[in-house]
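>>> Please find the sequence and the predicted model below.
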Amino acid sequence: MKWMFGRTAMWLFATAAAAPMVLAAQLPDGDGKKILETACTSCHGIDGVTSMKMGKEGWEGLVASMVSLGAQVDQKDAPVLIDYLVKNFGPAGAKPAAGQSAASEAETKKLLESACASCHDLGLVSEQHLTKEEWQGVVASMVAKGASLTEKDAPALVDYLAKTYGPKK
């Protein structure tokens, strides 16, 4: 029994010790990397962060939302983190997955109704007139809060929201 506990403890120690090296290998160098490793990956896996591909407004909204939920980011560090995220995980690097097709408008509307209307009145959604990047931040925030939306469906929902409930002209 003692040997089994010792072996498990050694495995846990080795795993914890290797985690920063794995994260460091996956993230590009730059100002903000350490903030991301410390503040974001304490609750989220790195893939969730690197797959979002948002612009500055989207990352600002998401960082503000995460800070309001308890993420430990100093106010002076937030712009550094946001610039790092935009530079390394901004829309320029966004590429749809191979074979991914855009969801039809009717399917996406059903997705909106099931993922959003389970907690919100759709009137709240229709009152917002946000840019695509702002909708990305909102959707990412709602997913972080438990909205039932797959990573595959999020871009279609964001496109639909931006098209249907974008800024008034």
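Nice, I can see it. Just so it is clear, the structure is predicted and the values come from calculations on it, not from any experiment.
>>> low-confidence ranges in this structure?
Within the chain, the segments meeting pLDDT under 70 span 1-25, 48, 92-103, 169.
>>> if we go to 90?
Low-confidence segments of the chain, defined by pLDDT under 90: 1-32, 35-73, 85-169.
>>> Which residue ranges of it form helices?
Using DSSP state H, the helices found in the chain span residues 2-26, 33-35, 46-50, 56-68, 78-89, 105-115, 122-127, 132-144, 154-164.
>>> The ones you listed into TSV, with extra columns for mean neighbour count?
All C-beta spots, glycine's among them, are computed from the backbone N, C-alpha and C. Converted to TSV, the helices of the chain look like this (neighbours: other C-beta atoms under 10 Å):
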stretch	mean neighbour count
helix 2-26	10
helix 33-35	17
helix 46-50	15
helix 56-68	20
helix 78-89	20
helix 105-115	15
helix 122-127	12
helix 132-144	22
helix 154-164	19
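>>> List the residues that contact the spatially closest residue to Lys109 that is not a sequence neighbour.
Of all residues not flanking Lys109 in the chain, Tyr160 sits nearest, at 7.0 Å (C-beta to C-beta, 6 or more residues apart in numbering). Taking C-beta atoms under 8 Å, 6 or more residues apart in numbering, we find Tyr160 in contact with Glu105, Thr108, Lys109, Leu111, Leu112.
>>> how close does Tyr160 get to Gln72?
Separation of Tyr160 from Gln72 (C-beta to C-beta, to the nearest Å) stands at 34 Å.
>>> what's the answer for Gly166, then?
Gly166 is 33 Å from Gln72, by C-beta to C-beta.
>>> more crowded one of those two?
Gly166 (15 against 12; other C-beta atoms under 10 Å).
>>> can you tell me which residues contact that one?
Here Gly166 is in contact with His129, Leu130, Thr131, Lys132 (C-beta under 8 Å, 6+ apart).
>>> who wins for neighbours among these?
Most surrounded of the contacts of Gly166: other C-beta under 10 Å gives Leu130, at 20 neighbours.
>>> Identify the residues contacting that one.
Contacts of Leu130 by C-beta under 8 Å, 6+ apart are Val138, Leu161, Ala162, Tyr165, Gly166, Pro167.
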